[in-house]
Each structure stands twice: as C-alpha cells, then as structure tokens.
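Colleague: Below are the sequence and a predicted model; questions follow.
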Amino acid sequence: MNFLRVVIAALACMAPPGLPRAEESCSKPVAGAVREPDYSFGYGWWFEGYSVEHILVRCVINQSAERALFINWVGAGLQGFARPRSSMYVKEVHRDEQQEEYQDRIWYGANLRRLDIIAVRHPSTMRGPDPLQEAGRRTQPSTSTATVSSPATPPLEQSSRVAVPVVPLRGELGRNRVFLEATPTALGDLEFNFDSRVVPGESGLLIEHHCTYALLGNNTHARPRLLISIEDPTLAQSLFGEARSTEIRSWTRAARPEFRASRSASDFSLGTTRLLVSATTPTGPVLVATLPIAFFVDR
C-alpha cells in the first residue's frame, strides 16, 4: 500500500463508519468563501507536508448544516456534491511544495452560479491547454531525462472524495440538483484512489496503474445503477476491459474493489483525464460526478 493510501486509511479510521467528518480532510483556513441565503461554503488549497512526500489538497467545505451543495470546480476536475457540514476534495502527492497561481472557475448550486477565482496548483500538473478549455485527455512529454528508478520520476498518486446520488434519479442531473441539495440523505460519499508509476521492465519500461473506490451509501433506499468510467478510452479499457466501465457494487468502506493494469513502453508522457460517474435513468445515463486523474501514458 503506498504512502497516500496509508494516510487516507488512517484518517478514515478516525470517523464513525459511513460519516466522514469534514475537518479530517479540510482542516486548514479557506482561501475564499461564499455567504448567501441559500449557500455557505469555503474553498481552499494547501500542502500537508511529510518526511518525503507533500500532499497538495484542494477542497470545498459545505458549511450549511441542512443543505447539500453542488460544485463543478473546472480546473480541479472535481464535480459532484458535498453533504452538509462535509467536504469534497482532491489530494495529490508531490515531492516538494512548489506552487503557482492560475485562473480557474467554480460553478456552484442547483442553478449553476459562476465564481471566478485565482487558484493554486503544483507546476507539474500544468499539462496541455488552459483548464477552462474542455479536454478529455491532455499529455505532455516527460520533462526529466533521468532513469525511472530515480526520484526524478516519482509515482503519480491521488485521492479524491465527492458525494453522489444513492437513490434513483428521474432524468437529467439538472432536474435533480434541487432535490438532491434539499435531500442530503439521498447522497453518499464516493472515495477514489488512483496511482500510476513507471518502473524498469524486462525489455524497457513498464507503466503500471492501480485504483480503488468505496461508496458509502444509504442501504435503506432503493439503489441506483451507478457506472464508473474514464474519459480517456485507452486507460479505461486497460483498467475495466472492453466495456471501458464498471458498475458500482460495493456500498461500504470495508469493501474496496481494485483494478490494475500494466503495459510495456519505450518512453512515456504525463497525461490527465477524468473519472466519470454516471447514473442510469429511464432516459439514459446521466453524468453525476467527475474526479481528476493524472497518469503516465506510453508515447
């Protein structure tokens, strides 16, 4: 188990089962806040430093005691809900605490109100075009010429959490956002861990991917059919097979389905894509959440 998953697992053990506490994942002062009659939330970013690795946290804290909150944080690739007094976040492991500012945007609330912000990211995550431009896959050549066994090519590790519907929906997400924000018991937290690494192989390099998920749902309700897929088709097929998606069947933190894939490569680039979470409805699949993925790709 890698370092980040050990940290996340330790934090999870501190909370009552099925009820992660916001302060455990978003405990730092926020960089900005929204205070309106219908919405009260903060957003921010910071590093959690350890002996070798440094975790960049980007987080939205829903400070309402009664209402859930819909968020689409464009540059962070984070879309979904935060339950009352809870949070949604993405954590990335880096070797240092470098950071730089960039123009970003957050859409929030059932009616998608716009919030333009100056956010912070690690320079290594600057891949491809401006994050405000939609893209399913962005890649850049590796900037290091060092061997893959050196610290210059560290693994890419991420952990994310967002709340998703755990009751059946009736049509497009836009028609359901008002209901879900007013009915937080219809939401459950989805936790997703992903790591990608390059290691020496028998005849060159080997790119390895690994991911796990856990959905903390309400087992007393009729469950929706939720599908997980990846926007990049090559990565999706390598992890999930020809179907390029997998149905969520685990509804407890204890059961964490795992997916692994590896392939040989002569060279590699850095890529970014998104995990897509869709709910099956009478009118077809509806995208309910997205989570960011950074990965190594064969060049």
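Modeller: Received the coordinates, thanks.

Colleague: Going along the chain, name the strands of the stretch 101-250 of the chain.
Modeller: 113-121, 138-141, 156-165, 187-201, 204-216, 226-230, 245-247 (DSSP state E, counting those that start in this stretch).

Colleague: Those: which one's closest to I61?
Modeller: strand 156-165 (12.0 Å; C-beta to C-beta). For glycine as for every other residue, the C-beta is placed from the backbone atoms N, C-alpha and C.

Colleague: about what we covered before: out of the strands of the stretch 101-250 of the chain, nearest to G77?
Modeller: Here strand 156-165 is closest among the strands of the stretch 101-250 of the chain (C-beta to C-beta), at 8.8 Å.

Colleague: Lowest average pLDDT across the strands of the stretch 101-250 of the chain?
Modeller: Among those, strand 138-141 carries the lowest mean pLDDT, at a mean of 42.

Colleague: quick one on the thing from earlier: single out the most deeply packed of the strands of the stretch 101-250 of the chain.
Modeller: Of all the strands of the stretch 101-250 of the chain, strand 156-165 has the most neighbours on average by mean count of other C-beta atoms under 10 Å, namely a mean of 25.

Colleague: May I have that one as PDB, with CA atoms only?
Modeller: These are the backbone C-alpha positions of strand 156-165, laid out as PDB (Å, rounded to 0.1, in the frame of the first residue of the first chain):
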ATOM      1  CA  LEU A 156       1.600   9.900  -9.500                       C
ATOM      2  CA  GLU A 157      -0.800   9.400  -6.600                       C
ATOM      3  CA  GLN A 158      -4.200  11.000  -6.000                       C
ATOM      4  CA  SER A 159      -7.100  10.500  -3.600                       C
ATOM      5  CA  SER A 160     -10.500  12.200  -4.100                       C
ATOM      6  CA  ARG A 161     -13.900  12.400  -2.400                       C
ATOM      7  CA  VAL A 162     -17.200  13.600  -3.700                       C
ATOM      8  CA  ALA A 163     -20.900  12.900  -2.800                       C
ATOM      9  CA  VAL A 164     -23.000  11.200  -5.500                       C
ATOM     10  CA  PRO A 165     -26.700  10.200  -5.600                       C
END
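
Colleague: What is it packed up against?
Modeller: Contacts defined by 3 or more C-beta pairs under 8 Å, 6 or more residues apart in numbering; DSSP states H and E place strand 156-165 against helix 3-13, strand 78-82, strand 87-94, strand 187-201, strand 268-281, strand 284-298.

Colleague: okay, the ones you listed in CSV with distance to R113 next?
Modeller: Putting these into CSV (distance: least, C-beta to C-beta, whole Å) gives the following:
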stretch, distance to R113
helix 3-13, 31
strand 78-82, 15
strand 87-94, 17
strand 187-201, 20
strand 268-281, 22
strand 284-298, 19
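
Colleague: who wins for proximity to T290 among the strands of the stretch 101-250 of the chain?
Modeller: strand 156-165 (8.2 Å).

Colleague: where does the residue of the chain positioned farthest from its centre land on pLDDT?
Modeller: The C-alpha centroid of the chain is most remote from S203, which lies 33.3 Å away (C-alpha atoms, centre = their mean). We have a pLDDT of 78 for S203.

Colleague: Can you name the residues that contact Q99?
Modeller: Neighbour list for Q99: W45, F47, L56, V120, R121, H122, P123 [criterion: C-beta atoms under 8 Å, 6 or more residues apart in numbering].

Colleague: tell me which residues form a beta bridge with the residue lying closest to I118 once chain neighbours are set aside?
Modeller: Closest residue to I118 in three dimensions, ignoring its sequence neighbours and counting by C-beta to C-beta, 6 or more residues apart in numbering: E101, at 5.2 Å. E101 has the following beta-bridge partners by DSSP bridges: V120.

Colleague: picking up where we left off before, kindly reformat the strands of the stretch 101-250 of the chain as a markdown table containing distance to R35.
Modeller: What follows is the strands of the stretch 101-250 of the chain, written out as a markdown table (distance: least, C-beta to C-beta, whole Å):
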| stretch | distance to R35 |
| --- | --- |
| strand 113-121 | 12 |
| strand 138-141 | 34 |
| strand 156-165 | 21 |
| strand 187-201 | 22 |
| strand 204-216 | 29 |
| strand 226-230 | 33 |
| strand 245-247 | 39 |
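
Colleague: and L287, how far is that from E97?
Modeller: Using C-beta to C-beta, to the nearest Å, L287 is found at 33 Å from E97.

Colleague: next one: P165
Modeller: Note on P165: its distance to E97, by C-beta to C-beta, is 36 Å.

Colleague: And for P184?
Modeller: In terms of C-beta to C-beta, P184 sits 35 Å off from E97.

Colleague: No further queries at this time; thank you.
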